[in-house]
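# 3D model of this:
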Amino acid sequence: MYKIAVLGDKDSIYGFAALGLDIYPVPISDDISKAKKKLKELAEENYAVIYIVESLAEKLKNEIQHYRSERLPAIIPIPGASGNTGFGMRMLRKSVEQAVGSDILFRD
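Modelled structure (predicted):
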């Protein structure tokens, strides 16, 4: 059975434990080596969905890009305790443009 993980700073992710999701607090700092390692571990385990706090997702965008072409896991940015950075919407926009061929959501 597939599982769901949440990756980010502890203030942003502890609430997800109440929903039964597996939480993995990692420091969001200049040294993101622990976060890279944890993302790779989760992707190689039995996780179908990995929610990741936007501020961390921005720092791991190259690693996340690697998994975009894979069927699993789906890596989904979510706003953290510090607020929305817009990274999740930019990723959504890029995915829709890739799938449909044009920007049908925002139409700037």
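
# in contact with D9, which residues?
Contacts for D9 (C-beta atoms under 8 Å, 6 or more residues apart in numbering) come out as P25, V26, P27, I28, V53, S55, L56, G80, A81. Every residue, glycine included, has its C-beta placed from N, CA and C.

# same deal with V26?
So V26 contacts L7, G8, D9, K34, A35, K38, L56 (C-beta under 8 Å, 6+ apart).

# before we move on, what about I28?
I28 touches G8, D9, A35, V53, S55, L56, K59, G80, counting by C-beta under 8 Å, 6+ apart.

# can you give me the offset of the longest helix that the chain contains from its chain's centre?
Of all the segments of type helix in the chain, defined by DSSP state H, the longest one is helix 87-100. Centroid separation for helix 87-100 versus its chain: 14 Å, with C-alpha atoms, centre = their mean, to the nearest Å.

# got it, and stretch 81-101?
Distance of stretch 81-101 from its chain centroid, counting by C-alpha atoms, centre = their mean, is 11 Å.

# repeat for stretch 36-51
From the chain centre to the centre of stretch 36-51 is a distance of 10 Å (C-alpha atoms, centre = their mean).

# got the CA coordinates for that stretch in CSV?
Below are the C-alpha coordinates for stretch 36-51, written out as CSV (Å, rounded to 0.1, in the frame of the first residue of the first chain):
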residue,chain,number,x,y,z
LYS,A,36,18.0,16.4,-0.4
LYS,A,37,18.9,13.1,1.3
LYS,A,38,15.5,12.7,2.9
LEU,A,39,13.6,13.5,-0.4
LYS,A,40,15.6,10.8,-2.2
GLU,A,41,14.9,8.3,0.6
LEU,A,42,11.2,9.0,0.5
ALA,A,43,11.1,8.8,-3.3
GLU,A,44,12.7,5.4,-3.2
GLU,A,45,10.4,4.1,-0.5
ASN,A,46,6.7,3.3,-0.9
TYR,A,47,5.4,6.9,-1.0
ALA,A,48,3.0,7.8,-3.8
VAL,A,49,2.7,11.5,-2.7
ILE,A,50,5.2,13.7,-1.0
TYR,A,51,4.0,17.1,0.1
